[in-house]
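**Student:** Predicted model and sequence follow; I will ask about them next.
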Amino acid sequence: MAAWEAGDEGGGRKVCIASPSVVKGEGTGEGKEGDSGGANPCAKQNMEERGSPDGDPARNLEQGPEGPETPIQVVLRVRPMSAAELRRGEQSVLHCSGTRTLQVSPPGGGPDVAFRFGAVLDGARTQEDVFRACGVRRLGDLALRGFSCTVFTFGQTGSGKTYTLTGPPSQGEGVPVPPSLAGIMQRTFAWLFDRVQHLGAPVTLHASYLEIYNEQVRDLLSLGAPRPLPVRWNKTRGFYVEQLRVVEFGSLGALMELLQMGLSRRRSSAHTMNQASSRSHALLTLYISHQTQMPPVDPGEPPAGGKLCFVDLAGSEKVAATGSRGELMLEANSINRSLLALGHCISLLLDPQRKQSHIPFRDSKLTKLLADSLGGRGVTLMVACVSPSAQCLPETLSTLRYASRAQRITTRPQAPKSPVAKPPQHLETELLQLQEENHRLRSQLGQMDPKASGLTGARVAWAQRNLYGMLQEFMLENERLRKEKRQLQSSRDLAQDEQRILAQQVHELERRLLSACYLHQPGPGSAPPCPCVMVPPPRCHALPPLCPCPCCHLCPLCRAPLAHWACPRRELHLPQVFGSKAPADMPLPARPPPWVPPCSPGSAKCSRERWGCSSELGPETGGPQRPNRQLPSTWPEPATPQ
Ligand code: ADP
Ligand code: MG
């Protein structure tokens, strides 16, 4: 089982190279150096390219290849011995060999174990050295080009994660970190502002800062006291924190203030291994967007564009070693749980079959928010931090194994899609209007000409075209439809004119017929033979069309009301109906003629106005069906006898 091999990097000592395959076996110590990236050709190629002759890790990382699959870059930082450790006379168990290999020399004379990373920095290296070695500028450039980039620190509590990212703890409220001790974040901010100023193109910068404390996400930039925020998921954004405050800033000073604000609000406590131990995972994200990029649709959504995220993980801790009790112990358990979930995801991401396997990112808030950085479309840098103390060796080995695994994880950085500028407002409005008009014209055309409804058939490919193409098509089609509509309207107008003339002719004929009836009455004084009072009535085309309510109608010949008996409002109507010309002694028929429908009680349709608006003979009246036409508002007076 033991496949320990003597390496040539141990300077004469027996050295074991712990490759990622060693790590996969959960610290069995198996494997060979040559296995590095073996399962993944891209990772292997990447390793080879990183091994440039001069071995400058900064150069190697900054020139790292960008391909369809990019491994997570890992830089290892060993913190210097603390004053307390030195006082105890401890010796470092970690030795850097070259710029990329770390040797672990277990106390008690066991074989050394070597780990290879993109860069290894010992305790003597300055903050500036670390910043350069990490190649954060390359990540910054990628973020400026629209990529989503993440830098996260990983390691045991007290190993220097927070120090590496933001420098030593502040010496008091508002006291800035000395520039020489500023961490990766402050250095990146300064570099970014310098870069943006030299870009020429206007760039908008926003920031958010949150912490995950006891599995609750809290906004470190919130205006009020931080309150728990939900983590949600959607197709376009992946996992995101709802209602997170995203602040726009325009100067380096403003960004530094945001950082200080977040740092001062972040939970930290003292325990035996760290006087200022972070009790939460903190994520500061810079959103970099160019003016050509679409503004977010949702006001709560961060702007589209590149992202640069700095993650300061809370350190794993052995509760027994840190002496955590009560709340500290709860915090430690929560931290360890989320780190365990992270480790689990890392293990599964290494699985060559991972495309089929499920990665349980949902197991913790931390893994949800790191999902894209670990297995998604981001570009990721891990800074693994370790303590040189022999007392921390088990934790150090665990960190080294995780870090070794992590560098075999590949992501698929997605090239930003060319930003689609939002169409100007007036174009959008015009498009909507044209669409509406198009719809209306089509339906009108469909009503007028059934053949036209087939026009919609060939419009399937429209949705795939761009907005301007669609606009143009709509305009053309609308023009054509308008023309067609004009033609149809003019032929309809012609038909209506013809109909009007015919109606006038009919009208005139009716008038003449009535006059003739009046003139040919048998003798003076006797009542004219009126067709409307005869039972059953003859079909008489000379009769005016009847209103469904009979009470308002007079016989055009004898002026007798046709259905006065049925209308409860007869008394009201009679004086108006008869008018001054109605003979006072005119007899009223005793019962309605059978062809007249009864007037429904309470019906409001008994007014004189109905004369002009609804005067067709309906089927229920037994009258002939006529085309819908407007009738004259008053029936012509019968011609007076000459
Ligand atoms: P972590 O965040 O991993 O728990 P810290 O960053 O808080 O650890 O570091 C623990 C202590 O060690 C702090 O007092 C910090 O100032 C100190 N420290 C860590 N790394 C270094 C370093 N490279 N140089 C000097 N001091 C360091
Ligand atoms: Mg910390």
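**Tutor:** Okay, I see it. Numbering: from 1, shown residues only. Ligands and ions are numbered 1, 2, ... in the order given.

**Student:** For the rest of this, base every contact and every neighbour count on C-alpha atoms.
**Tutor:** OK.

**Student:** Could you list every helix and strand that the helix or strand Asp372 falls within packs against?
**Tutor:** Using DSSP states H and E, the element containing Asp372 is helix 365-375. Where contact means 3 or more Cα pairs under 8 Å, 6 or more residues apart in numbering; DSSP states H and E, helix 365-375 is packed against strand 148-155, strand 238-241, helix 326-349, strand 379-386, strand 410-411.

**Student:** Just put the ones you listed in JSON lines and tack on distance to ligand 1, mean pLDDT and mean neighbour count.
**Tutor:** Below are the helices and strands packed on helix 365-375 laid out as JSON lines (distance: least, Cα to the nearest ligand atom, whole Å; pLDDT from 0 to 100; neighbours: other Cα atoms under 10 Å):
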{"stretch": "strand 148-155", "distance to ligand 1": "6", "mean pLDDT": "92", "mean neighbour count": "27"}
{"stretch": "strand 238-241", "distance to ligand 1": "24", "mean pLDDT": "90", "mean neighbour count": "18"}
{"stretch": "helix 326-349", "distance to ligand 1": "12", "mean pLDDT": "81", "mean neighbour count": "19"}
{"stretch": "strand 379-386", "distance to ligand 1": "7", "mean pLDDT": "94", "mean neighbour count": "27"}
{"stretch": "strand 410-411", "distance to ligand 1": "25", "mean pLDDT": "83", "mean neighbour count": "24"}
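
**Student:** could the ones you listed go into a markdown table alongside distance to Gln433?
**Tutor:** Listed next are the helices and strands packed on helix 365-375 as a markdown table, based on distance: least, Cα to Cα, whole Å:
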| stretch | distance to Gln433 |
| --- | --- |
| strand 148-155 | 39 |
| strand 238-241 | 35 |
| helix 326-349 | 51 |
| strand 379-386 | 44 |
| strand 410-411 | 45 |
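
**Student:** So for ligand 2, which of the ones you listed sits nearest?
**Tutor:** Ranking the helices and strands packed on helix 365-375 by proximity to ligand 2 (Cα to the ion) places strand 148-155 first, at 9.0 Å.

**Student:** is that closest one up against ligand 2 anywhere?
**Tutor:** No - residues of strand 148-155 contacting ligand 2 under Cα under 5 Å from the ion: none, with a closest distance of 9.0 Å.

**Student:** Can you list the strands that that strand pairs with?
**Tutor:** As defined by DSSP bridges, the strand partners of strand 148-155 come to strand 306-312 (parallel), strand 379-386 (parallel).

**Student:** Those strands: which one's closest to Leu445?
**Tutor:** Smallest distance to Leu445 across those (Cα to Cα): 49.6 Å, for strand 306-312.

**Student:** how about the residues of the stretch 1-150 of the chain near ligand 1?
**Tutor:** With Cα under 6 Å from any ligand atom as the criterion, the stretch 1-150 of the chain meets ligand 1 at residues Arg79, Pro80, Gly123.

**Student:** and the gap between the last one and Ala384?
**Tutor:** Applying Cα to Cα, to the nearest Å, the value for Gly123 to Ala384 is 13 Å.

**Student:** which ones are touching Ser180?
**Tutor:** Residues in contact with Ser180 (Cα atoms under 8 Å, 6 or more residues apart in numbering) are Gln127, Glu128.

**Student:** So Tyr209, which state does it fall into?
**Tutor:** Following DSSP: H, G, I helix; E, B strand; the rest coil, we place Tyr209 in the strand state.

**Student:** buried ones in whichever strand or helix holds Arg232?
**Tutor:** Assigning secondary structure by DSSP H and E places Arg232 in strand 231-234. For strand 231-234, the neighbour count (16 or more other Cα atoms under 10 Å) marks Val231 as buried.

**Student:** partner strands of it, parallel or antiparallel?
**Tutor:** Here strand 231-234 has these sheet partners by DSSP bridges: strand 238-241 (antiparallel).

**Student:** And whichever helix or strand comes after the partner strand, what's buried?
**Tutor:** Note on strand 238-241: by DSSP H and E, the next helix or strand toward the C-terminus is strand 247-249. By 16+ other Cα under 10 Å, the buried positions in strand 247-249 come out as Val247.
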